[in-house]
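**Q** One predicted model, sequence on top.
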Amino acid sequence: MNKPFPVVPLLSTLAALVLLQGCAAATACRTRPSTSPGFERTASDGMCLSSVRWEPPKPPVRGVVVLIHGLRDYSDRYGRLAQALQAQGFAVVAQDHRGHGHSGGDRQRMESMQQLVDDVDGVVQEARARHPGVPVMVFGHSMGGLIATHYVLQHASEVSGLILSGAGIVLPPGVSGFDTRLAKIFGTILPGLPAQDLDSQMFLHDGPEKEQFLADPLITHEKLPARSAKALIAGIEALDGKFQDLKLPLLVVHGGEDVITSIDGSRALVAQATSPDKRLIIYEGQRHDLAHEPDAAKVVGDIVGWVEAHVPPSAAATSVP
C-alpha cells in the first residue's frame, strides 16, 4: 500500500454504490493445469480454497513449512523455495488466498484479517494431520507476512518458527491518517470500489521475472477493493504494541530497495520481538519480490539454511499417507 487513498467524487461514489452493492462472490476454485497438481478444501463460508504441496522424495518428513503468499501473488510462484526445502526433507504446503490464484472469490477481495488467519489455520491443521509430530514453520511474504504474524500471535504453541519476507506489518510513510479514515469509510459503504493502488512496476527489477509477473493471467494488477484495503489497514493497526509478544525463533528478510512495504517495519519487529533467537537480513539493491529478484538464489539459500538449523534431523517422524 504505497499510494494515498483517493478522494472519490460524489457522483462517482453514488453510481458505484448502485453497481457494487449486493454482488455475491463466486466461490468455486479455478481449474489448475495438469502441470500444477494441487488440492482443494472448502472454508466455513463455502469458499473454495486451492492449495499446492511439495513432499520430500522419501520419508521420513523432517518438518513442515507453510508458505503464505502476498498480494499480486499466488502459491505456485514459490516453487524454487519449496523445492529447495523439499530437497532437505521438508514438506511444504501453500494455499492461494481467497480472491487470488486458483482459489475462488472476487479478485483481491477479503473481508477481514481474521478471515485470512482462519483460512491459513485450515491448511496448517491439514498439514499437521498429514505429518503429525514434526515441527511446523510459517513463512509469509508481503501481505502474507502480515497474516503470518497474526497467525503466530494466535497460535504460537503450534508453530516452531516464523520467517517473514518483505512483510507489510506497518503502514508505508505515504499513507496518512486521512487516507486510513477514507479506507475505513469506503470499505464499509462501497466494499468493491477500486481504491488502493500498488505500483506493479516496482515489485521487481526489469528482466524476465518481471515480464512474467506482469503478464501472468493469475495475477491481478488492478486497484485493491476498498474492503480489502480496510481489512489490511485494520490488520496492521491491530499489531500496534504486539511485536514484543513474538517469542518464537524469527527470521526477517527485506529488500533494501523495497518501496512496496516499509523496511522500517521489519527493523522494528526484530528490535521489539522478545525472541532470544532472531535475525534480520537486508538484501541491498533488491526490490520487494525477493524470491524472484536477481539475488533470489541467495535469499532461498539463507531461508533454507535457517530452517535447517532450527529443525534437526532427529525431529523427523512418520507421516500419514
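**A** Everything's here; your move. Because the structure is a prediction, the values reported are computed rather than measured.

**Q** and the residue lying closest to I219 once chain neighbours are set aside, what are its phi and psi?
**A** Leaving aside its sequence neighbours, I219 sits nearest to R72 (Cβ to Cβ, 6 or more residues apart in numbering; 5.1 Å). Backbone N, C-alpha and C define where each C-beta goes, glycine included. Dihedral angles of R72 (phi, psi; degrees, to the nearest 10) stand at phi 50, psi 50.

**Q** Now do the contacts for R72.
**A** Applying Cβ atoms under 8 Å, 6 or more residues apart in numbering to R72 gives the contacts L198, S200, F203, F213, I219, T220, H221.

**Q** V252 contacts G161, correct?
**A** No: using Cβ atoms under 8 Å as the test, V252 is too far from G161 to be in contact (11.6 Å).

**Q** From P191, how far off is R227?
**A** Separation of R227 from P191 (Cβ to Cβ, to the nearest Å) stands at 3 Å.

**Q** Common neighbours of these two, please.
**A** R109.

**Q** With neighbour numbers in mind, choose between these two.
**A** Neighbours were counted for R227 and for P191 using other Cβ atoms under 10 Å; R227 has more, 24 against 21.

**Q** Could you say which helix or strand holds that one?
**A** Assigned by DSSP states H and E, R227 belongs to helix 226-237.

**Q** Output the longest helix belonging to this protein.
**A** In terms of residue count, the longest helix belonging to the chain (DSSP state H) is helix 113-130.

**Q** any idea of the mean pLDDT for stretch 278-292?
**A** Mean per-residue pLDDT for stretch 278-292: 98.

**Q** can you start the count at 31 instead of 1 from here on
**A** That works, and once the first residue is 31, the last one we named lands at stretch 308-322.

**Q** List the buried residues in that stretch.
**A** K308, L310, I311, Y313, Q316, R317, H318, D319, L320, A321, H322 (16 or more other Cβ atoms under 10 Å).

**Q** tell me the contacts of L244?
**A** S230, H251.
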